[in-house]
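1. only geometry, no sequence info:
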């Protein structure tokens, strides 16, 4: 349910970037979303659409690429990764340790591009 | 025109959280997160009563609609501020900043932020706390840490509440502990019952230690 506030944040940031460059209409936003970011992508898309309805930016596209997890083994320090959040439960490919892997990448939610005219 | 950027979607919240953290530099601040009914308010009622002679404590109460919890907390004599989110699923740093205006922080050693009952959304929003506290109760599934990994990964401590009910439920504390430590090997874990007081001393010792580690404003 917090996806609506995330959608609002995304629009605020995107419109600010456009305004700084003299653009007046938003046509697209690209996001990078970590597998552990806790974001329900369909709710986020829904929130984005709802907020744009009836505005000049109505046709703007939202592209979301999911970033895989990067982990550091809690025992030997080896770095490894995997698709989806279930990778968090995988044993270390080098030493087999299952405990306490540190998440290096996969919690973030970033805007990586804004498109406008 | 395509503009490449790298901007954190939560940057506005995180910026405000940094300001909140600065205002709270002398106050140990803990953000309590659990599903509804796990016992956040009961834990606060016990803690505020039992440690009232040791620490000056205050509470920011996040609630969807009512002020029932704030009244329960205020009955212990602690300073309490209510934030009604009007259906919103989490507290954010802006709400906490506003609530701080109603507290006399020079008279607070420990501030508890009781978040909205929800294991997903509150985890994403930094409220300027020193640590998040995950509260689970044994009437829930012992696989909660597996299902909601981000909270347990980020939390400083996990409380397993309602252990007086263990004989009546199928909750496997070893399993819950194992999943939680897999996510966070430094997680402090306390098994306790707010109803009969069992196990509370371990939690209180942790609070004392954390308070001692935090500088005075």
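-> Perfect, thanks for sending it. Model, not experiment: these values are computed from the prediction.

2. If we go by neighbour counts, what in stretch B:13-27 is buried?
-> Residues of stretch B:13-27 classed as buried: B:13, B:16, B:17, B:20, B:21, B:23, B:24, B:27 (neighbour count, 16 or more other C-beta atoms under 10 Å in any protein chain shown). Every C-beta, even on glycine, is put in place using the N, C-alpha and C of the backbone.

3. So which residues of chain A form strands?
-> A:26-34, A:61-67, A:69-72, A:79-82, A:102-105, A:109-116 (DSSP state E).

4. Kindly report the same for chain B.
-> Using DSSP E, strands in chain B cover B:2-8, B:28-34, B:57-63, B:79-84, B:110-114, B:131-137, B:157-161, B:188-191.

5. Residue B:171 versus residue B:162, what's the distance?
-> Here residue B:162 is placed at a distance of 9 Å from residue B:171 (C-beta to C-beta, to the nearest Å).

6. Those two - which one has more neighbours?
-> residue B:162 (24 against 20; other C-beta atoms under 10 Å in any protein chain shown).

7. residue contacts, the residue in chain A sticking out farthest from the centre?
-> Ranking residues of chain A by C-alpha distance from their mean position (C-alpha atoms, centre = their mean) puts residue A:95 at the top, at 30.5 Å. Residue A:95 is in contact with A:73, A:75, A:76, A:78, counting by C-beta atoms under 8 Å, 6 or more residues apart in numbering or on different chains.

8. Give me the PyMOL select line for these, limited to the buried ones.
-> Typed into PyMOL, the line below selects the buried ones among these, using 16+ other C-beta under 10 Å:
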select buried, chain A and resi 73
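
9. which two in the contacts of residue A:95 are spaced the farthest apart?
-> Greatest spatial distance in the contacts of residue A:95: A:75 and A:78, 8.7 Å, computed using C-beta to C-beta.

10. what touches both of these two?
-> With C-beta under 8 Å, 6+ apart as the test, residue A:75 and residue A:78 both reach A:92, A:95.

11. what residues are shared contacts of residue B:162 and residue B:171?
-> Each of B:138, B:139 lies in contact with both residue B:162 and residue B:171 under the rule C-beta under 8 Å, 6+ apart.

12. restrict the buried residues of stretch B:13-27 to contacts with chain A.
-> Residues of the buried residues of stretch B:13-27 in contact with chain A (C-beta under 8 Å from any C-beta of the partner chain): residue B:13.

13. pLDDT added to the buried residues of stretch B:13-27, as JSON lines?
-> As requested, the buried residues of stretch B:13-27 are arranged in JSON lines below (pLDDT from 0 to 100):
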{"residue": "B:13", "pLDDT": "93"}
{"residue": "B:16", "pLDDT": "96"}
{"residue": "B:17", "pLDDT": "97"}
{"residue": "B:20", "pLDDT": "98"}
{"residue": "B:21", "pLDDT": "97"}
{"residue": "B:23", "pLDDT": "97"}
{"residue": "B:24", "pLDDT": "98"}
{"residue": "B:27", "pLDDT": "98"}
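
14. Among the contacts of residue A:95, which one sits closest to chain B?
-> residue A:75 (9.4 Å; C-beta to the nearest C-beta).

15. For that closest one, which residues are in contact?
-> A:92, A:95, A:97, A:99, A:100.

16. For the residues you listed, give me JSON lines that also has distance to residue B:115.
-> Formatted as JSON lines, those follow (distance: C-beta to C-beta, whole Å):
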{"residue": "A:92", "distance to residue B:115": "33"}
{"residue": "A:95", "distance to residue B:115": "37"}
{"residue": "A:97", "distance to residue B:115": "32"}
{"residue": "A:99", "distance to residue B:115": "27"}
{"residue": "A:100", "distance to residue B:115": "25"}
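
17. who wins for neighbours among those residues?
-> Neighbour counts for the contacts of residue A:75, by other C-beta under 10 Å, peak at residue A:92, which reaches 20 neighbours.

18. how about low-confidence regions in chain B?
-> Chain B contains no residues with pLDDT under 70.

19. Most proximal residue of it with respect to chain A?
-> For chain B, C-beta to the nearest C-beta, closest residue to chain A: residue B:185, 3.0 Å.
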